[in-house]
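1. Prediction below, plus the sequence it came from.
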Amino acid sequence: MTKTPTTVAPTRPARALLLVGCAGVLAVLCLLSLAIGARAIPLDEVLRALTDPTRPGLDPEVRAIVRDTRTIRTLVAVVVGAALGLAGAVMQGLTRNPLADPGLLGVSAGAAFGVVGAAALLGVTALLATVWFAFAGAALAAVVVYLLGSRGRGGASPVKLALAGVAITYFLDSLTSGIALTDPEALDRYRYWSSGSLSGHTFGTVLTVLPFLVGGALLALSLGPSLNNLSLGEDVAASLGRNLNLIRLRAALSVTLLTGAAVAVTGPIIFIGLVVPHVVRTVTGPDHRWLLPGSMLAAPCAVLLADIVGRVVVRPQELDVSLIAAFLGAPVFIAMIRRRRLAEV
Amino acid sequence: MVVLHRSPGRFAFRVKPIGLSGVLRPRLVVVWLALACVTFLVFCLTIGLGSGDYDITVDRVIPALWGSGEFADVFIVKELRLPRAMVALFVGAAFGVSGAVFQALTRNPLASPDMLGITQGAGTAVAVGIVLGIGSGLGTQGLGLVGALAAAFAIYLLAWNRGTTGYRIVLVGIGVSWMCVSATTYLVSRTGTVQAQLILGWLVGNLNQRGWQQAVPLAVALAALLPLVLLLGRHQRVLGLGDEVAAGLGTSVQRVRLALLVAAAALAAFATAAAGPILFVALAAPQITRRLARTPAPPVTASALTGATLVLVSDLISQRIMEDSVMPVGVVTGVLGAPFLLWQLARANKAGSGG
């Protein structure tokens, strides 16, 4: 891919403003997410329920909705969104391919296979157990992809890694649909899980995956300078004293931790991890030290926004978040591609 | 009279009196011939061992194809199994060519009609048809064709902004692809189990109950579009050097790209309409071929042969793997093609040949 200087490097204040702006928007969206839903609750009542839950005049139903159902849902949205955005940015930096998304290491397919396999072969359908199987499947798939992609001379080159990821994804997807087509119960489980839902979770599921998420996020954020060097080309990065295989290993590990944990909870939420880094890159430019935190803050905004819209449009029913994300996000994304001269990966 | 210039892996030659020049890659020729033989053999094997209990050996299949041999053999070969095998052959070839063109055009090894939303468009159209019960007159074949072409048209139109670039086509393709996927997912998750199973069954790619009705339109499409792709092959290789270089060498970049895109998208659309989105073939066949032939870009006709072999072998396995029912062929292509591609990736030992 040819590199043409398409954007002028943005100034530092613009980037800092992006981070601050994203954080602000995120806070507002969190509040809105607590207030909006099948039953709309005024914002002041939301704040009261949050700050002073034991106050006598408070409707117990409101307290239950705000403090239990919607808090967990918002928490899941933020955590999963941050993980996917960060993983997407790392993945695109690692493979230097605009098509790269967090699922590319075979992670989503591995998780799906874990869910369907557990349901069909072991009869496991309880949510908390499913999370573990999904995570195990995701991690296993990523390890296999990395090992296969890094064989031969040249190590885990971007193209080999990406192709190995796609190959494993199709391999596992074939097995998954083979099982799902022959086992109705597994099909039902798969349909529920694969629609990418934020609702119906407990603090337990979030706590289960939180350590993996935090570890993966720290690892990913520390990769900024390395990915910047890598974006100059592998030879340049190597001559600058970077250990290419170590960078790739760390990046793959962080993507696996982040995506595996996120996908295990909600099912594959497509589009976010792929698109948010592209959008953020138009502001930050290709500098990963800004791109990574930017994606981490912008992606939860996108997930929350999609979730809120999904709750409102067909009230009192809900539309799944990944559906809304793709359906609203894709036109915006396409419009941006048309309008701007893109900063290439 | 004949000037030969030899460099590793290829001969450049020029025959002065008739002004003919070209590049000969011995390895590509050998690979091409080998692939052609393998494809024909697998084709005959699929016919001989296909659905039903009546096995016919290859040495009886070949004469039966020309109508000689025992009556039972000829009847089973020509009436029962040949149509399906033809569909498999054409579908594989069409996906192979389509993938090779897309990958060369976007200069991205991950680009293929299944990544850029063309097959997903077909999937959405078919899902809508199944859920709403409309378009039964048109049939899933017609719906798939309409959906795929609509998606391809939308991608090109949306990527157009004073010309297109491979990069923009890839990104717009992602957007269109995910919109179609999410619409299909929505339909699958909200509809009844019967319809959901129907949709998923179609989405995975299927050759059951396929016959001349599917094979003929596909054959016509291949006969029309493959020569077009080959004619444009020279320009396509120049485009691989980058838009600026290609324009500098006198290639009409936008026109060539549009023609190639239309051809590749139409091939994918016809193949998807015939057999559903048999994923992975369009992505893997060109990459496998490129590594076998060690060429810089995926060779077109050889990719067609690889694609056909992949689909035929998968079809044979899908018919024989279970005693009482037939697996959809799309389930097998992934299981079969993925390890092969991985093996090739893993043994790419020359620096850079993995990339």
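-> Received the coordinates, thanks. Everything quoted here is computed from the prediction, not taken from an experiment.
2. tell me the contacts of B:Gln120?
-> B:Asp114, B:Ala151, B:Val176, B:Ser177, B:Cys180, B:Val181, B:Thr184, B:Pro277 (C-beta atoms under 8 Å, 6 or more residues apart in numbering or on different chains). The C-beta positions use only the backbone N, C-alpha and C, and glycine is treated the same way.
3. so what's whichever residue of the stretch 101-250 of chain A sits closest to chain B up against?
-> Chain B sits closest to A:Ser174 of the stretch 101-250 of chain A, with a gap of 3.1 Å, by C-beta to the nearest C-beta. By C-beta under 8 Å, 6+ apart, the contact set of A:Ser174 is B:Val204, B:Phe280, B:Gly330, B:Val331, B:Val332, B:Thr333, B:Gly334, B:Val335, B:Ala338.
4. if you set the cut-off to 10 Å instead, what comes out?
-> Shown in contact with A:Ser174 (C-beta atoms under 10 Å, 6 or more residues apart in numbering or on different chains): A:109, A:113, B:204-205, B:279-280, B:314, B:327-328, B:330-338.
5. Kindly report the same for B:Val329.
-> B:88, B:91-92, B:204-208, B:210, B:275-276, B:278, B:281, B:310-319, B:336 are the contacts of B:Val329 under C-beta under 10 Å, 6+ apart.
6. if we go to 8 Å?
-> So B:Val329 contacts B:Ala88, B:Gly205, B:Asn206, B:Leu207, B:Ala275, B:Ile278, B:Val311, B:Ser314, B:Asp315, B:Ser318 (C-beta under 8 Å, 6+ apart).
7. hmm, back to that, and the gap between the residue of the stretch 101-250 of chain A closest to chain B and B:Val281?
-> A:Ser174 is 12 Å from B:Val281, where distance means C-beta to C-beta, to the nearest Å.
8. and the residue nearest to A:Gly165 when sequence neighbours are not counted, what pLDDT?
-> Closest residue to A:Gly165 apart from its sequence neighbours, by C-beta to C-beta, 6 or more residues apart in numbering or on different chains: A:Leu104 at 4.3 Å. Here the pLDDT value assigned to A:Leu104 is 72.
9. my read: A:Leu104 touches A:Val159, true?
-> No: the pair A:Leu104 and A:Val159 does not pass the contact test of C-beta atoms under 8 Å, sitting 11.7 Å apart.
10. who's more crowded, these two?
-> Shown here are A:Leu104 and A:Val159; by other C-beta atoms under 10 Å in any protein chain shown, A:Leu104 has more neighbours (32 against 21).
11. closest point of chain B to chain A, which residue?
-> Among all residues of chain B, B:Gly334 sits closest to chain A, at 3.1 Å; criterion: C-beta to the nearest C-beta.
12. Just give me the neighbour total for that residue.
-> 30.
13. As a markdown table, the contacts of B:Val329 with pLDDT and distance to chain A would be great.
-> Converted to a markdown table, the contacts of B:Val329 look like this (pLDDT from 0 to 100; distance: C-beta to the nearest C-beta, whole Å):
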| residue | pLDDT | distance to chain A |
| --- | --- | --- |
| B:Ala88 | 92 | 17 |
| B:Gly205 | 78 | 10 |
| B:Asn206 | 78 | 10 |
| B:Leu207 | 81 | 15 |
| B:Ala275 | 87 | 15 |
| B:Ile278 | 85 | 10 |
| B:Val311 | 92 | 14 |
| B:Ser314 | 89 | 10 |
| B:Asp315 | 88 | 14 |
| B:Ser318 | 83 | 10 |
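14. Reformat those residues into a markdown table and put neighbour count next to each item.
-> A markdown table is the format used below for the contacts of B:Val329 (neighbours: other C-beta atoms under 10 Å in any protein chain shown):
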| residue | neighbour count |
| --- | --- |
| B:Ala88 | 31 |
| B:Gly205 | 30 |
| B:Asn206 | 21 |
| B:Leu207 | 26 |
| B:Ala275 | 32 |
| B:Ile278 | 33 |
| B:Val311 | 36 |
| B:Ser314 | 30 |
| B:Asp315 | 32 |
| B:Ser318 | 26 |
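15. Looking at the residues you listed, which is nearest A:Val321?
-> Nearest to A:Val321 out of the contacts of B:Val329 is B:Gly205 (C-beta to C-beta; 28.3 Å).
16. what kind of secondary structure is B:Val3 in?
-> Assigned by DSSP: H, G, I helix; E, B strand; the rest coil, the conformation of B:Val3 is strand.
17. residue contacts, it?
-> Counting by C-beta under 8 Å, 6+ apart, B:Val3 touches B:Phe13, B:Arg14, B:Lys16.
18. May I have the beta-bridge partners of it?
-> For B:Val3, the beta-bridge partners are B:Arg14 (DSSP bridges).
19. Helices of the stretch 1-150 of chain A, start to end?
-> All helices of the stretch 1-150 of chain A, identified by DSSP state H, counting those that start in this stretch, fall at A:12-35, A:43-51, A:60-64, A:71-95, A:107-117, A:127-149.
20. Please settle this for me: is B:Val23 part of a strand?
-> Yes: residue state for B:Val23 (three-state DSSP) corresponds to a strand.
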